[in-house]
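In: have a look at this prediction, sequence included:
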Amino acid sequence: MHREYHRWWSPSLNRPMGLLEFGHGGARVIAYPSSMGSFHEWEDQGMVRALHRHLENGWLHLICVDSIDRESWYSKAHPYHRVRRHDDYERYVLNEVLPFTWSRNPTPYCITTGASFGAYHALDFAFRHPQWVNRVLAMSGLCDIRKFADGYHDEMVYYHNPVEFLRQEHEGWRLDALRRQDVILAVGNGDQLMHQNRELSGVLWSKGIGNALREWDGFAHDWPVWHNMVNRYIGGSD
């Protein structure tokens, strides 16, 4: 299986960032790690192995990105600074990672995905930039970031919180792009994040944005379950 490590100095973040690339063709997949995870988490936790067949056959081109959660939502800084550091991270993915994926593979189809807090990143990016993302797969995902803002709220928190900003979305071109996306929310019915996924699904439907809410039995918030979820949903529309 093709595997390459890449590292560069990020002007968006003013720090070095690394990523791992797997596969040689097919849909481009930007995979976010879980809370405070690194770019090698998907490999370490068996997610790359779970997608081995897709990668070997050229169906998926996987880009595993690093996180800066410790500098943003998980930092001890004031929430004003947390969300702005997160916004820096979004610019890194938008202006550096996304063009990198195009340079490696011009296939137009792009997927964002992640589990737990990684799912928040995948959803936030996909919904804020729907013209660049065709499918989003959120596994056991956090959908409401307000808990990480400790009661602080400003315009930037609002626009990085999918369950909030989607309620007020009214721009025609953005709604059209969102309605063309495949949105898959997979979560355990015993997961404390289940209600957030149900809420987000309802918000999306209220704006005419189709989505698949898939509730799995039990807690389902663990890597072995995510192996099954990613295999079932990453290449299909179930």
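Out: In hand now; what should we look at? Numbering: from 1, shown residues only.

In: ok, the most centrally placed residue in the chain - contacts?
Out: What sits nearest the mean C-alpha location of the chain, by C-alpha atoms, centre = their mean, is residue 122, with 1.3 Å. Residue 122 makes contact with 30, 32, 112-114, 136-138, 141 under the criterion C-beta atoms under 8 Å, 6 or more residues apart in numbering. C-beta here means a position set from N, CA and C on the backbone, and glycine is covered the same way.

In: Serialize those to JSON lines and add fields for distance to residue 232, neighbour count and pLDDT.
Out: JSON lines is the format used below for these (distance: C-beta to C-beta, whole Å; neighbours: other C-beta atoms under 10 Å; pLDDT from 0 to 100):
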{"residue": "30", "distance to residue 232": "19", "neighbour count": "26", "pLDDT": "98"}
{"residue": "32", "distance to residue 232": "19", "neighbour count": "28", "pLDDT": "99"}
{"residue": "112", "distance to residue 232": "17", "neighbour count": "30", "pLDDT": "98"}
{"residue": "113", "distance to residue 232": "12", "neighbour count": "29", "pLDDT": "98"}
{"residue": "114", "distance to residue 232": "16", "neighbour count": "31", "pLDDT": "98"}
{"residue": "136", "distance to residue 232": "15", "neighbour count": "26", "pLDDT": "98"}
{"residue": "137", "distance to residue 232": "10", "neighbour count": "29", "pLDDT": "98"}
{"residue": "138", "distance to residue 232": "14", "neighbour count": "31", "pLDDT": "98"}
{"residue": "141", "distance to residue 232": "16", "neighbour count": "27", "pLDDT": "98"}
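
In: which ones among those map onto strands?
Out: With DSSP state E as the criterion, strands contain 30, 32, 112-114, 136-138 from among the contacts of residue 122.

In: surely residue 6 is within a helix?
Out: No. Judged by DSSP: H, G, I helix; E, B strand; the rest coil, residue 6 forms no part of a helix; its state is strand.

In: so for it, what's the nearest residue that isn't a sequence neighbour?
Out: Nearest non-adjacent residue to residue 6, counting by C-beta to C-beta, 6 or more residues apart in numbering: residue 19, 5.4 Å away.

In: pLDDT weak spots in this protein?
Out: 235-238 (pLDDT under 70).
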